[in-house]
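Mind looking at a prediction? Sequence and model below.
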Protein chains: 2
Amino acid sequence: MEMALGAAEIAARRGEVPVGAIIVDTKSGRIVANCGNQMVGRNDPTAHAEMLALRAAGNMLGSQRLVDCDLYVTLEPCPMCAAAISLARIRRLYFGAYDSKGGGVEHGARIFEQASCHHRPEIYGGLLESRSAALLKNFFETRR
Amino acid sequence: MEMALGAAEIAARRGEVPVGAIIVDTKSGRIVANCGNQMVGRNDPTAHAEMLALRAAGNMLGSQRLVDCDLYVTLEPCPMCAAAISLARIRRLYFGAYDSKGGGVEHGARIFEQASCHHRPEIYGGLLESRSAALLKNFFETRR
């Protein structure tokens, strides 16, 4: 989670909303993805930290199914990312700050609670919550 | 929509679930993305036709917001793709076959009906529905 915060801080320095994501392959113990948001830099509305991490991990491990992988992200995933996490069969999802407006795990579409959701990871929210939230708050305050 | 079906047919020949997506920039009248599914080929759980098309169009137009763009896809988008379409501010969504199991527009998470959804495109479902569905049915039958 500290590493995910680091990725978020790097994203902020690039002018991106500071969210960072890490994927760990629990079989090997290796970190297979370390990404921050890149929507602005890539002109890509899908380039959320989690999406980039899922793509990097799939590429690294040679599979679109990441069954032995855990994902750590500093903010509650949005519906797009939550649905992608389900498609990728992530084992455990750890996230930092809750997102009452944009979140899709504990809020809004509550992707993993849908009857049609094929895979629900174990979910742990609120890790290093205040630091993850402070990073976002500071970013938006300095931009006003 | 015919072009989207063509992209789906090409995907099937690559061994991918046959779904195709096209994005048209209505300002210039140009097609800015023409993509089929690539989850298998790219080892990428996020590589649905719509996601690849949104990324390609953002790259082509130099913006993550595709406000003047319409997206045509042969199958009802899943929750991941529907949420991405909202993030990208797509103007109109045209889709072919309805997907009662995996869809996220008229089924399941019904992404655009969530109070927290910031942008809802105009939606037109059922275009060339039977041909889009037949392509998927044939694909899965020959794989059994």
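Arrived safely, thanks for sending.

Dump the longest helix along chain A to CSV, keeping only the CA atoms.
The longest helix of chain A (DSSP state H) is helix A:129-143. Coordinates of each C-alpha in helix A:129-143 appear next as CSV, following Å, rounded to 0.1, in the frame of the first residue of the first chain:
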residue,chain,number,x,y,z
GLU,A,129,-7.3,5.8,4.1
SER,A,130,-6.4,9.3,5.5
ARG,A,131,-3.1,9.5,3.7
SER,A,132,-4.7,8.4,0.4
ALA,A,133,-7.5,10.9,0.8
ALA,A,134,-5.2,13.8,1.9
LEU,A,135,-3.2,13.3,-1.3
LEU,A,136,-6.3,13.8,-3.4
LYS,A,137,-7.5,16.7,-1.3
ASN,A,138,-4.2,18.5,-1.6
PHE,A,139,-4.1,18.0,-5.3
PHE,A,140,-7.5,19.5,-5.9
GLU,A,141,-6.9,22.4,-3.5
THR,A,142,-3.7,23.5,-5.3
ARG,A,143,-5.5,23.3,-8.6
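
model confidence over it, on average?
Model confidence over helix A:129-143, given as mean pLDDT, is 94.

again with stretch A:54-72
On average, stretch A:54-72 scores 98.

Show me what counts as buried in that stretch.
Buried residues in stretch A:54-72, counting neighbours by 16 or more other Cβ atoms under 10 Å in any protein chain shown, are found at A:54-58, A:60-61, A:63-66, A:69-72. The C-beta positions use only the backbone N, C-alpha and C, and glycine is treated the same way.

For the longest helix of chain A, what is the distance to the chain centroid?
Distance, stretch centre to chain centre, for helix A:129-143: 16 Å (Cα atoms, centre = their mean, to the nearest Å).

related to what we said a few turns ago, okay, and which of the buried residues of stretch A:54-72 map to helices?
Per DSSP H, the subset of the buried residues of stretch A:54-72 in helices is A:54-58, A:60-61.

Just send those back as a markdown table, with distance to chain B too.
Below are those laid out as a markdown table (distance: Cβ to the nearest Cβ, whole Å):
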| residue | distance to chain B |
| --- | --- |
| A:54 | 6 |
| A:55 | 5 |
| A:56 | 9 |
| A:57 | 9 |
| A:58 | 4 |
| A:60 | 9 |
| A:61 | 7 |
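
so who does residue A:6 touch?
residue A:20 (Cβ atoms under 8 Å, 6 or more residues apart in numbering or on different chains).

Figure out the helix or strand that it lives in.
Here residue A:6 sits within helix A:2-13, counting by DSSP states H and E.

Quick one: mean pLDDT over that helix.
Rounded mean pLDDT across helix A:2-13 is 97.

wait, isn't residue A:21 in contact with residue A:71?
Yes: contact criterion Cβ atoms under 8 Å: residue A:21 and residue A:71 qualify, at 6.4 Å.

Please enumerate the shared neighbours of these two.
A:50, A:53.

Who are the contact partners of residue A:131?
Neighbour list for residue A:131: A:5, A:96 [criterion: Cβ under 8 Å, 6+ apart].

From residue A:137, how far off is it?
11 Å (Cβ to Cβ, to the nearest Å).

Out of the buried residues of stretch A:54-72, the closest to residue A:12 would be?
Closest approach between the buried residues of stretch A:54-72 and residue A:12, by Cβ to Cβ: residue A:72, at 17.5 Å.

Mind listing the residues bridging to that closest one?
Following DSSP bridges, residue A:72 is listed with bridge partners residue A:22, residue A:94.

Tell me what angle the helix holding residue A:6 forms with helix A:129-143.
Angle of helix A:2-13 versus helix A:129-143, following axes from the mean of the first three to the mean of the last three Cα atoms, to 10 degrees, is 0 degrees.
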